Each structure stands twice: as structure tokens, then as C-alpha cells.
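Q: Kindly return the folded structure for what I paste below:
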Amino acid sequence: MNMDTFKKDIDELIGEFAKNELTTLADMKRIWLDKKFSYIYQASPSTNLAFFMQSLFAHSIDYMVGNDSLSHRLGGLYCLYCLYEVQPHNPPFRVYISLGQLEKLKVLVVDAKAKGINVVPALVKRMLNRNTFLFGAVDLSECSAVETVNHLQEIQNARIQTAKEKLFSSTPIESHVNMDLGMTIDLDSLKKMSSEYAEAKDLAIKEASEVIDVEDIEHISKGKERIGDVVEKIADDWNAQKQAFYKRTGLEEDEGYDRELERLLLEHNQDGDEESDEE
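A: Numbers count the residues shown, from 1 in each chain. The predicted model follows:
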């Protein structure tokens with residue numbers, strides 16, 4: 001997907017905003033409406049929407065955390081906010097932002113306060129309250145947004161393909177009975193990812209609290225059970241049930257029973273197929 005045209009539209013929008021050194025959200029809204037900028041979504045693709053949305057967000061963030069004038073940086077923030085608010089998707093796509101970018105957003109809030117632009121801290125607080133951001137540890141400035149989103153999509157597609165193969169494969173029944181759920185879903189990696197995400201989220205809220213009031217959103221980082229821990233409990237329960245099944249059936253000690261069970265199930269499926277053919 002070629003995003004050059006969409007990025008050029010954002011360049012022109014922020015360029016016009018910064019041309020006269022504008023600083024308010026009201027100014028951005030006026031230019032946005034004059035350009036009928038919400039029509040940017042009319043040209044959105046029918047597939048790869050996550051890539052499309054994150055690319056728009058990332059280009060705005062590049063302005064927001066860049067080294068250009070204050071008007072350019074504010075234009076990036078306001079454009080990001082408007083893109084998120086007017087998107088036609090429900091639930092809305094959240095904005096991926098790295099910890100490094102969040103640190104630079106904090107600097108922007110401080111600079112805006114020093115200039116008396118009070119709408120900025122209020123706007124950032126609103127975005128945090130609405131859970132707009134998806135915090136991560138990878139800085140998109142270190143590699144292109146396209147590469148990052150494509151990589152994430154490749155991982156997701158690979159996982160989906162693996163799940164399909166496991167679901168529709170004709171693997172012998174013992175492989176399912178003997179399956180170690182923790183190994184199958186790569187529990188260690190999931191727990192590590194879950195822990196890193198929780199730490200990133202806590203750090204993000206802590207950093208934000210230094211420049212704006214985050215009392216209303218502190219609950220986001222408290223009292224939530226991590227997904228890795230939840231899945232670990234499920235895996236433990238699976239293994240406990242598996243051992244109970246072994247104990248009741250003697251399956252572990254008698255491989256002949258295992259083969260017989262598979263044979264009976266196979267015959268049952270064949271009988272069902274024959275009945276369907278006769279009908």
C-alpha cells in the first residue's frame with residue numbers, strides 16, 4: 001500500500017497550520033474543516049486497515065515529536081487527535097506510541113504551558129482518559145512505520161495460520177491428549193510480553209503524571225491481572241485435567257488403549273461419512 005499521497009495531505013495540513021505560527025486547536029479545526037480533511041478516510045483501503053491507520057498516526061507523531069517549530073509540533077498533536085476522533089471505525093484504532101515518543105510529548109506539554117497554551121495539557125489528559133494510546137517499547141523513529149506494522153502483521157498472520165493448522169490437521173489424537181498447553185502457546189514469551197507491556201504502561205502513566213493530572217486514569221495500571229498470568233492458570237488447569245484423565249483411563253501406562261481409542265474414533269468418523277454419502 002502506497003501511503004505517500006496520504007502523508008502529503010498531512011504535510012499540507014500541518015504546513016498551512018504552521019505557516020502563520022498558529023498554536024490553538026481551534027485554528028487546526030478551522031483549517032481541517034476548510035480542507036474537508038475528514039475525507040481522507042473516504043480513500044481508505046478495504047484491507048490492512050490497521051496498517052493504514054497506524055501509518056497516518058505515525059506520520060502525525062513524527063511532527064509532534066520532531067525538532068521543527070512549536071507550531072509544527074502542535075500541528076502534529078492536533079492532527080493526531082483529530083484523526084483519532086473522526087475515524088469511522090468502531091471500536092476505534094488506538095494510537096501506538098513508544099515510551100521515547102511519550103517522553104517527547106511530555107516536553108511538548110511543558111513547552112506549551114510555558115507559552116500559555118493551556119489547551120495542550122487538557123487535550124493530552126483527555127486522550128489519556130479516553131485510553132487513546134497503546135504504549136509500547138519500540139520507537140518508530142528507529143525504523144519506518146511501514147516496516148514495524150508489516151512485521152506485527154506478519155507475526156499475527158503466522159499465529160493465525162498456526163492456529164488453523166492445529167485446528168484442521170489430522171494429527172493423531174494422542175498429540176492433543178498429551179499436549180502441553182504452556183509449550184503450545186509459548187507461555188514464557190507471552191508472560192514476558194505481558195510483563196513488558198504492563199511495565200511500559202505504568203512508566204508511561206508515571207511520566208505523564210509529572211506534567212498533567214492523571215488521577216482519573218491511574219486505575220488503568222492498578223489491580224489488573226496480567227494476561228500472561230491468566231493464561232498460565234489456564235495452562236496449569238489444563239495439565240491438572242490431563243493428569244486426572246490419565247489416572248482415570250490408564251492411558252499413560254497403556255499405549256495400546258491409546259491406539260484403540262484413536263481407531264474407534266476413526267471408525268466412527270468413517271461411519272458418519274458413509275451415512276452422509278447414502279443420504
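
Q: Do a quick rundown of the helices in the protein.
A: Along the chain, counting by DSSP state H, helices occupy 4-19, 25-34, 49-64, 70-86, 99-114, 119-129, 145-168, 173-177, 181-184, 187-208, 227-249, 255-278.

Q: mean pLDDT for these: which is lowest?
A: Sorting these by mean pLDDT places helix 173-177 lowest, at a mean of 44.

Q: Show me which residues of stretch 97-107 are buried.
A: 97-99, 101-102, 104-106 (16 or more other Cβ atoms under 10 Å). C-beta: built from backbone N, CA, C; applies to glycine.

Q: repeat for stretch 107-115
A: So, applying 16+ other Cβ under 10 Å, buried residues of stretch 107-115: 108-109, 112.

Q: got the contact list for the residue found closest to residue 78 once you drop the neighbours it is linked to in the chain?
A: Nearest residue to residue 78, sequence neighbours excluded (Cβ to Cβ, 6 or more residues apart in numbering): residue 28, at 3.8 Å. For residue 28, the contact set (Cβ atoms under 8 Å, 6 or more residues apart in numbering) comprises 17, 22, 74-75, 78-79, 82.

Q: now those in JSON lines, with distance to residue 135?
A: Shown next, in JSON lines, are the contacts of residue 28 (distance: Cβ to Cβ, whole Å):
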{"residue": "17", "distance to residue 135": "27"}
{"residue": "22", "distance to residue 135": "29"}
{"residue": "74", "distance to residue 135": "22"}
{"residue": "75", "distance to residue 135": "23"}
{"residue": "78", "distance to residue 135": "21"}
{"residue": "79", "distance to residue 135": "20"}
{"residue": "82", "distance to residue 135": "21"}
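
Q: Nearest to residue 131 among those residues?
A: Using Cβ to Cβ, residue 82 is the member of the contacts of residue 28 that sits closest to residue 131, with 17.5 Å.

Q: I'd like to know how far the residue nearest to residue 78 sits from residue 90.
A: Distance, residue 28 to residue 90, by Cβ to Cβ, to the nearest Å: 24 Å.

Q: do the same with residue 11
A: In terms of Cβ to Cβ, residue 11 sits 28 Å off from residue 90.

Q: For those two, indicate the residue with more neighbours.
A: Taking other Cβ atoms under 10 Å, residue 11 and residue 90 do not tie; residue 11 has more neighbours (12 against 5).

Q: can you pull the contacts of that one?
A: No contacts exist for residue 11 under Cβ under 8 Å, 6+ apart.

Q: thinking again about what came up before, if we take the contacts of residue 28, which one ends up nearest to residue 55?
A: residue 79 (13.3 Å).

Q: any idea how far that closest one lies from residue 5?
A: Plainly put, residue 79 is 16 Å away from residue 5 if you go by Cβ to Cβ.

Q: Looking only at neighbour counts, state which of those two leads.
A: Between residue 79 and residue 5, counted using other Cβ under 10 Å, the more crowded position is residue 79 (25 against 9).

Q: Now that one: closest residue in space that isn't a chain neighbour?
A: residue 60 (4.5 Å).

Q: Count the residues that sit near that neighbour.
A: 25.

Q: where's it relative to residue 74, distance?
A: Applying Cβ to Cβ to residue 60 and residue 74 gives a distance of 11 Å.

Q: which two of the contacts of residue 28 lie the greatest distance from each other?
A: With distances taken as Cβ to Cβ, the most widely separated pair in those is 22 and 82, at 14.1 Å.

Q: Can you lay out the buried residues of stretch 97-107 as a markdown table showing distance to residue 68?
A: Converted to a markdown table, those look like this (distance: Cβ to Cβ, whole Å):
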| residue | distance to residue 68 |
| --- | --- |
| 97 | 19 |
| 98 | 19 |
| 99 | 22 |
| 101 | 15 |
| 102 | 19 |
| 104 | 12 |
| 105 | 15 |
| 106 | 18 |
